[in-house]
Each structure stands twice: as structure tokens, then as C-alpha cells.
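Trainee: Only the shape, not the letters, is given here:
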């Protein structure tokens, strides 16, 4: 049966530039081989909801209509990391960097106000800064293996929690229309409320069986079971 928007699926993938260079992968060994391994990155199969922008646009769109199995999916630049936009290249006085104790050199990537910027050139007291995504302008190709369709509410909620927090140590239990998330450490009440608010809208929208969410520490959950 073909997959459709709103389906939850478990996938593994590797993305390559036209040159064959790997820039994105769920496979840890592949990431190490391509020298893009990050210690805080979660590797292994990931679960996503098709059609809800949890992966790049072109790949997300292409999954709808696919069957389980392995697929090679070319993604044009405009549906990957965007086309190059000349308006996003700015000349900045070098003094702005020195005020922040930063020595700008060509190729240096910085996080400026939440955006990744690349230093393109330094000359005459001025710095040419490119705010385009580093992979903008590149057509890419993903090899995606769709392992399974996720059916149960608890697995769907767990998928959304992992994507939201980028961690796999948060417990998920579902009773009726209530999902309870248990964190390994004690959660202050104020923070628990904020976590519930930040997750509730997405979870209740994408998982029809769930109507409310509660965030608790694992310690409190154990006490409630006694």
C-alpha cells in the first residue's frame, strides 16, 4: 500500500551532493567515513510524519506515494536548501567581528542571530558574509530505506518526542487519550507546563487518538504506580 501525507514511517537515509560527497546520514559509520560525525547527533533509524516538514521539503514530498523499501530520490536545490540568493550576501565592517573577539577568515562559518553565515572574503577592513545556507544551490540525492509504517499512538508520540528533544531517553506511555512523558530527571512544575504546551499542539494535531499530554519525572511516575 502506498504511503500518504500524515502517515508515520521509520526511515534510514543518506544524502549526497552531485559530486558524491555525503552531507547527511542516519548511519553512524557512514557519518564517520564522510567526516561529518557529530557526538550529540542521534544515529540510527528515525521516525517521521510524512508531509509535516520534519525533513527537507523535496524528500518529504517524495515519500508520499512510495511503498516500503529502498528508493533513490533526487531533490532539486529549490526543494533542498534553496537557491543562492544574492540579497543574502552582505559586506560587514571587520570591526564588528573584532568587537566580538572573532578573527574572520575565508571559509569560517558562524552563527549570527540564529543564521549560519559563511565568510567569503576579507579585504580592506571589510568582510563579505554569505547568509545563504552552506548547501544552497546544490541539487542533492537521497537514498532512503522506508523500514515500516508506524501504527500505534505510543510509537507516534515517541517519534514526535524524539524529534522535538533530539533524545531517546524520554519514556512515553499512553492511557486512553492521554500521553504521559516521563523524563529521567526531576522536572520543575513550571518547566513541565511549558513542555506540555510546546508539544500538545503538534501531538494532538498529528496523533488523532491523543487529546492531552502530561510531563512528569520518572521518579514521580514510579511513585504514582505504587
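Mentor: Right, received. Where do you want to start? Remember, predicted model here, so these are calculated numbers, not experimental data.
Trainee: the bottom helix or strand of the protein by mean pLDDT?
Mentor: Lowest mean confidence among the helices and strands of the chain (mean pLDDT, DSSP states H and E): helix 218-225, at a mean of 59.
Trainee: ok, longest helix in the protein?
Mentor: Selection of the longest helix in the chain by residue count, based on DSSP state H, yields helix 189-206.
Trainee: Identify each buried residue in that one, please.
Mentor: Applying a neighbour-count criterion of 16 or more other CB atoms under 10 Å, one finds 192, 195, 199, 200, 203, 204, 206 buried in helix 189-206. For glycine as for every other residue, the C-beta is placed from the backbone atoms N, C-alpha and C.
Trainee: next one: stretch 84-96
Mentor: Buried, per 16+ other CB under 10 Å, within stretch 84-96: residue 94.
Trainee: Identify the residues contacting it?
Mentor: 104, 120, 122, 125-132, 136-137 (CB atoms under 8 Å, 6 or more residues apart in numbering).
Trainee: Please convert those to TSV, extending it with distance to residue 33, neighbour count and secondary structure.
Mentor: Formatted as TSV, the contacts of stretch 84-96 follow (distance: CB to CB, whole Å; neighbours: other CB atoms under 10 Å; DSSP: H, G, I helix; E, B strand; the rest coil):
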residue	distance to residue 33	neighbour count	secondary structure
104	31	19	coil
120	29	14	strand
122	33	17	strand
125	42	8	coil
126	39	14	strand
127	34	24	strand
128	33	16	strand
129	32	22	strand
130	28	20	strand
131	30	16	coil
132	27	20	coil
136	25	17	coil
137	25	15	coil
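Trainee: Need the max-distance pair from those residues.
Mentor: Using CB to CB, these span at most 28.5 Å, a distance reached by 125 and 137.
Trainee: And the buried residues of helix 189-206, which is closest to residue 76?
Mentor: Distances from residue 76 to those, taken by CB to CB, are shortest for residue 206, at 27.2 Å.
Trainee: Got phi/psi on the nearest residue to that closest one once chain neighbours are set aside?
Mentor: Spatial nearest neighbour of residue 206, chain neighbours left out: residue 49 (5.2 Å); criterion: CB to CB, 6 or more residues apart in numbering. When read as degrees, to the nearest 10, the backbone of residue 49 gives phi -110, psi 120.
Trainee: What ranges does this structure have for its helices?
Mentor: Using DSSP H, helices in the chain cover 28-33, 57-63, 94-98, 153-165, 189-206, 218-225.
Trainee: out of these, nearest to residue 42?
Mentor: helix 153-165 (7.2 Å).
Trainee: pLDDT on the closest one, on average?
Mentor: Helix 153-165 shows a mean pLDDT of 92.
Trainee: same question, stretch 123-132
Mentor: On average, stretch 123-132 scores 92.
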